[in-house]
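# just a sequence and a predicted model for now, questions to come.
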Amino acid sequence: MPQWGSRKLPLQHKTMILGLGLLFGGVLLWPHSQKPSSQRIAVALNKESWLSQLEPRPVDVDDALKVVEPNFEKVVVKGDTLSGLFEEAKIDQQTMYQVLEADLNVLALDTLTPGNKIQFWLNEKGQLQKLELYFSPARQVIFTRFDDRSFNAEEINIDGIWQNRTVKGEIQGSFYLSASKMGLTASEIQRIEALLKDKINFARDLRAGDRFSVLISDQFVEGEATGSSNILGVDIHRGSRDINAYRYSDGNFYDDKGRSLQRAFQRIPLKHNYRISSRFNPKRLHPVTGRIAPHNGTDFATPIGTQVIAPGDGVVTMVTNHPYAGKYIVIDYGSKYRTRFLHLSKALVRKGQKVTRGQVIALTGNTGRITGPHLHYEFLINGRAVDVMKAKIPMAKELSFKDKKAFALIVDNYKKMMS
């Protein structure tokens, strides 16, 4: 067998073979338009390494369970106190006062009642990170901790869905018992009686056989009733006389002729004009932290002992003391309006008392954490603070000609639903 060793080839042959090899290699490497093969090529994979990349990485600070579940929660019962609730959650008093300071613009902690829920979230050091007050599916208040250990208060109000219902019945005994038997709550009955108090004496004027019809709108959030309701229309038929009231789009009540059933508000709750020392400003910046610190009221520079008057007819729902708001009063006006008076020196009314427009309810002071004596006055519509100096509040006794036309259509629709 011949031996093909390269050492026996002549030089010119070696050169030729080398040239042919280079030419063949160049052809193979030259780019061309042939499509790549669709045939799959098996590649070995490290399955464990690949799956590990898909697994979630551990959270450095809070795992999912800590984020969702509070460290302590409780449904408030009769006899509970705020300090007692914080003590049960193992939160110190200093932190409680920091939360109370943040609550100055909301004043929610003072309104906790049996059935409300309070929840505490703590960090790994046992410090309060978040506090949530659950009043209803439509309203919660959340306090969250800043890095400087102060807290932010956020009020969450959910409009939900409002559904109408009609309650009808005859007077058998008192109006209260008759309406309660047909399904109206004590609060709804009280609102009706307050609304029509100038038109009818519920204790003397009604007789057995008189009829009533009430149109109510109930609030639902995700299918759950919140317990909030609005009176839309009331019609009491006694003999040949009808007494009625219907709610207009401005939130106020009028009879079917467009005449107001509520006395107009007084814009300023003082007998004389005083200088405004601080105006309503929901976007006010804190001078030190630079964060938004809303001023939800109007401050009047008043000497200590200045008389404060009720701006409308209502019911006192709270008289209490607050470490930062001082002595303060809350008045509810039976529909969508509420007022708050802070830093008082003396309250001249009690909780549950009915007050009339112009009645003296308190004396101004400098209680709470303030730099000087003044009255802090808040006007709330549907639970939200507004600028009382600019807000559209009931000031007239009768609807305008233009509004009466729109109101007539609403009344016609309400009467159809109530009949």
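In hand now; what should we look at?
# in stretch 348-366, what counts as buried?
Leu348, Val349, Val355, Arg357, Ile361, Ala362, Leu363, Thr364, Gly365, Asn366 (16 or more other Cβ atoms under 10 Å). All C-beta atoms are positioned from the backbone trio N, CA, C, and that covers glycine.
# how about the last one: what's its closest non-neighbour residue?
Right, Asn366. Spatial nearest neighbour of Asn366, excluding adjacent residues (Cβ to Cβ, 6 or more residues apart in numbering): Pro373 at 3.9 Å.
# per-domain residue ranges of this protein.
64-157, 161-261+399-418, 276-386 (automatic domain parsing).
# hey, what's Lys117 bridged with?
In this entry, Lys117 is beta-bridged to Val75, Tyr134, by DSSP bridges.
# from what I can see it touches Asp80, true?
No. If you go by Cβ atoms under 8 Å, Lys117 and Asp80 don't touch, sitting 11.5 Å apart.
# which residues are common contacts for those two?
Lys74 (Cβ atoms under 8 Å, 6 or more residues apart in numbering).
# who's in contact with the most centrally placed residue in the chain?
By Cα atoms, centre = their mean, the chain has its centre lying nearest to Asn157, at 2.4 Å. Counting by Cβ under 8 Å, 6+ apart, Asn157 makes contact with Ala138, Arg139, Gly383, Arg384.
# can you show me the helices along the stretch 101-250 of the chain?
175-181, 186-195 (DSSP state H, counting those that start in this stretch).
# can you list the residues that contact stretch 404-418?
Applying Cβ under 8 Å, 6+ apart, the contact partners of stretch 404-418 are 164, 166, 168, 213-215, 232-233, 235, 246, 248-249, 254, 256, 258, 399.
# repeat that for 7 Å
164, 166, 213, 215, 232-233, 235, 246, 248, 254, 256, 258, 399 (Cβ atoms under 7 Å, 6 or more residues apart in numbering).
# for Glu378, which residues count as its bridge partners?
Residues in a beta bridge with Glu378, per DSSP bridges, are Arg340.
# gap between it and Phe280?
9 Å (Cβ to Cβ, to the nearest Å).
# please enumerate the shared neighbours of these two.
Common neighbours of Glu378 and Phe280 (Cβ under 7 Å, 6+ apart) are Asn296, Gly297.
# quick one on the thing from earlier: buried subset of the contacts of Asn157, written for PyMOL?
Buried subset of the contacts of Asn157, written as a PyMOL selection, criterion 16+ other Cβ under 10 Å:
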select buried, resi 138+139
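# quick one: find the helix or strand in this protein with the lowest mean pLDDT.
Every helix and strand of the chain was ranked by mean pLDDT, DSSP states H and E. The lowest is helix 47-54, at a mean of 43.
# so what does the strand ranked longest in the chain touch, helix or strand wise?
The longest strand of the chain (DSSP state E) is strand 224-238. For strand 224-238, the helices and strands in contact under the criterion 3 or more Cβ pairs under 7 Å, 6 or more residues apart in numbering; DSSP states H and E are helix 186-195, strand 211-221, strand 241-247, helix 401-418.
# of the ones you listed, which approaches Ile331 most closely?
Proximity to Ile331, assessed across the helices and strands packed on strand 224-238 by Cβ to Cβ, is greatest for helix 186-195 (12.6 Å).
# Leu184 contacts Lys168, doesn't it?
No. Leu184 sits out of contact with Lys168 when judged by Cβ atoms under 7 Å, with a separation of 10.7 Å.
# go through stretch 84-99 and flag the buried ones.
Residues Leu85, Phe86, Ala89, Ile91, Thr95, Met96, Gln98, Val99 are the ones in stretch 84-99 that count as buried (16+ other Cβ under 10 Å).
# of all those residues, which two lie farthest apart?
Leu85 and Gln98 (15.2 Å).
# re the thing from before, how close does the residue nearest to the centre of the chain sit to Ile189?
Distance, Asn157 to Ile189, by Cβ to Cβ: 25 Å.
# returning to what we had before: can I get the contacts of stretch 404-418 in CSV including distance to Leu128, pLDDT and neighbour count?
Output for these, formatted as CSV (distance: Cβ to Cβ, whole Å; pLDDT from 0 to 100; neighbours: other Cβ atoms under 10 Å):
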residue, distance to Leu128, pLDDT, neighbour count
Asn164, 42, 97, 14
Thr166, 47, 97, 14
Ser213, 51, 97, 19
Leu215, 45, 98, 22
Leu232, 42, 96, 22
Gly233, 47, 97, 24
Asp235, 52, 97, 20
Tyr246, 48, 96, 25
Tyr248, 45, 91, 17
Tyr254, 49, 93, 24
Asp256, 54, 94, 17
Gly258, 53, 93, 18
Leu399, 51, 89, 20
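# of those, just say which sits nearest to Asn296.
Nearest to Asn296 among these is Tyr248, at 26.4 Å by Cβ to Cβ.
# in contact with the closest one, which residues?
Contact analysis of Tyr248 by Cβ under 7 Å, 6+ apart lists Tyr254, Phe407, Ile410.
# if we go to 8 Å?
Taking Cβ under 8 Å, 6+ apart, one finds Tyr254, Leu399, Asp403, Phe407, Ile410 in contact with Tyr248.
# hmm, Ile161 and Val224 touching each other?
Residue 224: Glu, not Val. No. The pair Glu224 and Ile161 fails to qualify as a contact (Cβ under 8 Å) at a distance of 10.5 Å.
# Asp235 and Asp242 touch, don't they?
Yes. Using Cβ under 8 Å, Asp235 is in contact with Asp242, at 6.3 Å.
# looking at the helices and strands packed on strand 224-238, spot the one closest to Leu133.
Of all these, it is strand 211-221 that lies closest to Leu133, at 16.1 Å by Cβ to Cβ.
# and the angle from that closest one to strand 224-238?
170 degrees (axes from the mean of the first three to the mean of the last three Cα atoms, to 10 degrees).
# what pairs with strand 211-221, and is each one parallel or antiparallel?
In its sheet, and by DSSP bridges, strand 211-221 pairs with strand 161-170 (antiparallel), strand 224-238 (antiparallel).
# for this protein, give me the ranges with low pLDDT.
Low-confidence segments of the chain (pLDDT under 70): 1-67, 287-288, 335, 395-396.
# out of the contacts of stretch 404-418, who's nearest Trp121?
Using Cβ to Cβ, those come closest to Trp121 at Asn164, 39.0 Å.
# show me the contacts for the closest one.
Residues counted as contacts of Asn164 (Cβ under 8 Å, 6+ apart) are Leu215, Ile216, Ser217, Asp218, Leu232, Met417.
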